[in-house]
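K.L.:
what's the 3D shape of this:
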Amino acid sequence: MRLSLLSLHVFSRLPHLRFYSPHLRRLYRMEDRKVVVTHDEESMTVGLSFRFQHCNVDRTFNLKRSSEEGLSSVLTRISGNIQKVLDKKKKRNEDPAPVVPIDIKTHAGESVNKDMSCYECFVAQADHHFLDIGEKSYSLDVNPPIVKVLELPKNIMAGFPLHPSKLEMTNGVNEDSSFTWYKSDVKFNSIEETKSQMNKIKWVEMATGYTCFTDNDDVGRLLKVVMSPRRGERCGEDTEAIASVLVSAGPGLCPFERRHKVTKKPTGQNCLRVISYNILADQYADSEFARSNLFPSCPSYAIDVDYRKQLLIKEILGYNGDLICLQEVDEKVFMHGLQGALRKEGLEGVYAAKGGTVTEGVALFYRLTKLRLLETQRFILSKELQSSVLFAEIWKQIQCSEDLKEKVVSRFTCLQVSVLESTENPKQLVVVGVTHLYFSPEADHIRLLQAGIGLQILQQVMALYQNKYPEKEVSMLFAGDFNSTPEFDVYRLMTSQMASFDDIDWSDKENERVSGVSFSHDLELASACGCPPYTNYTKDFYGCLDYIYYQTDKFSVKQVVELPSHEEVTQHEFLPSITIPSDHLAIIADLEFKKK
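P.N.:
Here you go, the predicted model:
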């Protein structure tokens, strides 16, 4: 049964059952005679939704009433709404439609006291009541799983993974829910052509699960997904979303597909494939300024997040990584893309947003057959500087320059620290740090400060776990976009064990100069992927900014996956492009635990 335009309009005014897209509809099962009851404690409201079939009327009714409203008043409103619809169906010269009796009864068939409140009847005592409409009885289903938003991407390409671009659900669990994908039996020349043919389309099932893969034969077809929202044994109404675009052809061979040739096989025992990748946050790419000034060589359709997500997921999955360290991850991309797609392939993820109002951050995905997460923490580096006794002396020096202090405390750079245990050898613990340091070209001193703080936090976590588990081997990896090329102090700190503010060129920032700030450590660190000419390539800059720092006494580098060639990177001038979804390149290394 297709919802009428009136039904869609009614839904749009009800937050508890709102339709956000004309391509979405709820599929009521013919055999279901139930009232979907949604109780919102905060707003003190009760929502009622049910399908009514009588004579030549078949439609869905939706009401939203105060929790304290009397039952008698609620039943009068339901009756009035139904009667209006029935009367409209009658011809002008016909008598008004007979009144359909409405009542609330117990399982024993007795009418309930009409003095009780809407909440008491439809929520608190719902298990004991039925809503009788005419000769039909409706059970009351309180707060079942309900899909509020379900949308497919604005761009769907053959040969790339597909999943919902937006998904919001109440009272449900994604992992418990099911997804069934369908394609039209015929192909179309344009999406406009489908509008007049919608009722004639025969839908062919093509896949089940959160992610669906298309192929070249799907070009020109219309797709849809049907979601069954669930939480444990509880199941809500199936909800359907139809794509707003046809499947289109892909961009051809992407450079990452050549890299996939050496990552086809998962790593063996005692080995971890580590990836670090700045995937370019949508909030930095999706603006007129970014399109015109930062990424002018990338077509607008290819910089759209729905396009880039398809490439990113296919690229990341093809690397068969065990530890995937991502930066510039939009929260919506993590929630409605990466998490579901990677989880299906045996990877679990944790996300850490930057501070303030920024809606992007860093994420770590780990392979469940290789690693077990013991703990994950999020640190805002500027807050740690101000509050932790570890950095009391450094903070004292920073405050000597008001300009530097202001710049430091206004940064919301985060460090995500996760502790994982090897499932193959539980005596191996790995402390993984993921970060994205401040980007400004004239901020080498701030990046050094951030890197030094991050490194000390990681060392502290290592020490805590080594003290807690003296029989275990605790190793560290520090990965991310450090926004610093090898000739500067961040790289020197990591690989030479010491760096100081005294070594910085202050000529262009004299007002921020402070002395007495230095960092040192005793870890033997190196860059797993070395120092390639660049990992970031744009119109205004190219250089090596991304690193996977590892302990050389704990790991050996078994393989470094070669970066795309310069010809591949510049095929479409700069990054991102139609075949490379970010302005950065993923760096990948296989690290083997050293035997003691």
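K.L.:
give me the element Ala499 is part of.
P.N.:
Per DSSP states H and E, Ala499 falls inside strand 498-500.
K.L.:
Tell me which residues of that strand come out buried.
P.N.:
Ala499, Ser500 (16 or more other CB atoms under 10 Å). From N, CA and C alone the C-beta is placed, and that goes for glycine too.
K.L.:
same for that strand, what does it pack against?
P.N.:
helix 489-496, strand 518-520 (3 or more CB pairs under 8 Å, 6 or more residues apart in numbering; DSSP states H and E).
K.L.:
Partner strands of the shortest one and their direction?
P.N.:
To tie it back to what came earlier, the one meant is strand 518-520. Strand 518-520 pairs in its sheet with strand 498-500 (antiparallel), by DSSP bridges.
K.L.:
quick one: contacts of the partner strand?
P.N.:
Strand 498-500 is touched from outside by Leu448, Gly452, Asp489, Val490, Arg492, Leu493, Val517, Ser518, Phe519, Ser520, His521, with contacts defined as CB atoms under 8 Å, 6 or more residues apart in numbering.
K.L.:
try 6 Å
P.N.:
Leu448, Asp489, Arg492, Leu493, Ser518, Phe519, Ser520 (CB atoms under 6 Å, 6 or more residues apart in numbering).
K.L.:
for stretch 255-269, same thing?
P.N.:
Arg273, Glu315, Gly318, Tyr319, Asn320, Glu424, Val561, Pro564, Glu568, Asp590.
K.L.:
Can you say which two of those are spatially most distant?
P.N.:
Glu424 and Glu568 (35.1 Å; CB to CB).
K.L.:
neighbour count winner among these two?
P.N.:
Neighbours around Glu424 and Glu568, counted as other CB atoms under 10 Å, are more numerous at Glu568. The numbers are 19 against 14.
K.L.:
Could you list the domains of this structure?
P.N.:
For the chain, the structural domains run 32-142, 146-242, 255-593, going by automatic domain parsing.
K.L.:
starting at the chain centroid, how far to the second one?
P.N.:
So that's domain 146-242. 18 Å (CA atoms, centre = their mean, to the nearest Å).
K.L.:
Now that domain: average pLDDT?
P.N.:
Mean pLDDT, domain 146-242: 96.
K.L.:
helices and strands around the biggest helix by length in the chain, which ones?
P.N.:
When the chain is parsed with DSSP state H, its longest helix is helix 444-468. For helix 444-468, the packing partners by 3 or more CB pairs under 6 Å, 6 or more residues apart in numbering; DSSP states H and E come out as helix 381-387, strand 428-436, strand 473-481, helix 489-496.
K.L.:
For Lys224, give the beta-bridge partners.
P.N.:
Under the criterion used (DSSP bridges), Lys224 bridges to Tyr182, Ile242.
K.L.:
Quick check: it touching Trp181?
P.N.:
No - if you go by CB atoms under 6 Å, Lys224 and Trp181 don't touch, sitting 7.5 Å apart.
K.L.:
More neighbours: which of the two?
P.N.:
More crowded of Lys224 and Trp181, by other CB under 10 Å: Trp181, with 23 against 18.
K.L.:
Surely Phe478 is in contact with Val434?
P.N.:
No - using CB under 6 Å, Phe478 is not in contact with Val434, being 8.2 Å away.
K.L.:
Neighbour count for the two, which is higher?
P.N.:
Val434 (29 against 26).
K.L.:
quick one: contacts for that one?
P.N.:
Cys325, Val362, Leu364, Gln416, Ala479, Gly480.
K.L.:
how close does the fourth one get to Lys354?
P.N.:
Just to be clear, that refers to Gln416. 10 Å (CB to CB, to the nearest Å).
K.L.:
For the two, indicate the residue with more neighbours.
P.N.:
Gln416 (26 against 19).
K.L.:
That one: which element?
P.N.:
strand 414-422.
K.L.:
Which residues outside that strand are in contact with it?
P.N.:
Applying CB under 6 Å, 6+ apart, the external contacts of strand 414-422 come out as 352, 354, 362, 364, 366, 371-381, 428-435, 454, 461.
K.L.:
Using PDB, list the CA coordinates for it.
P.N.:
Extracted in PDB, the C-alpha atoms of strand 414-422 (Å, rounded to 0.1, in the frame of the first residue of the first chain):
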ATOM      1  CA  CYS A 414      42.700  15.500  19.800                       C
ATOM      2  CA  LEU A 415      44.700  12.400  20.400                       C
ATOM      3  CA  GLN A 416      42.900   9.000  20.400                       C
ATOM      4  CA  VAL A 417      44.600   6.400  22.500                       C
ATOM      5  CA  SER A 418      43.500   2.800  22.200                       C
ATOM      6  CA  VAL A 419      45.000  -0.300  24.000                       C
ATOM      7  CA  LEU A 420      44.600  -3.600  22.100                       C
ATOM      8  CA  GLU A 421      45.500  -7.100  22.900                       C
ATOM      9  CA  SER A 422      46.600  -9.600  20.300                       C
END
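K.L.:
mind listing what it pairs with, with the direction of each?
P.N.:
Here strand 414-422 has these sheet partners by DSSP bridges: strand 371-380 (antiparallel), strand 428-436 (antiparallel).
K.L.:
send the alpha carbons of the shortest one over as CSV?
P.N.:
When you say that, I think you mean strand 428-436. C-alpha atoms of strand 428-436 as CSV (Å, rounded to 0.1, in the frame of the first residue of the first chain):
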residue,chain,number,x,y,z
GLN,A,428,51.2,-8.8,23.2
LEU,A,429,49.6,-5.4,24.0
VAL,A,430,49.6,-2.5,21.5
VAL,A,431,49.0,1.1,22.5
VAL,A,432,47.9,3.0,19.4
GLY,A,433,47.8,6.7,19.1
VAL,A,434,46.0,8.5,16.3
THR,A,435,46.1,12.3,15.8
HIS,A,436,45.9,15.1,13.3
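K.L.:
And it, how far out from the chain middle?
P.N.:
Worked out by CA atoms, centre = their mean, strand 428-436 lies 21 Å from the chain centre.
K.L.:
any idea of the angle it forms with helix 444-468?
P.N.:
160 degrees (axes from the mean of the first three to the mean of the last three CA atoms, to 10 degrees).
K.L.:
Sort out which residues of strand 428-436 are buried, please.
P.N.:
Gln428, Leu429, Val430, Val431, Val432, Gly433, Val434, Thr435, His436.
K.L.:
neighbours around the residue nearest to Ser582 when sequence neighbours are not counted, how many?
P.N.:
In this structure, Ser582 finds its nearest non-sequential neighbour in Leu280, 4.1 Å apart by CB to CB, 6 or more residues apart in numbering. Leu280: 25 surrounding residues under other CB under 10 Å.
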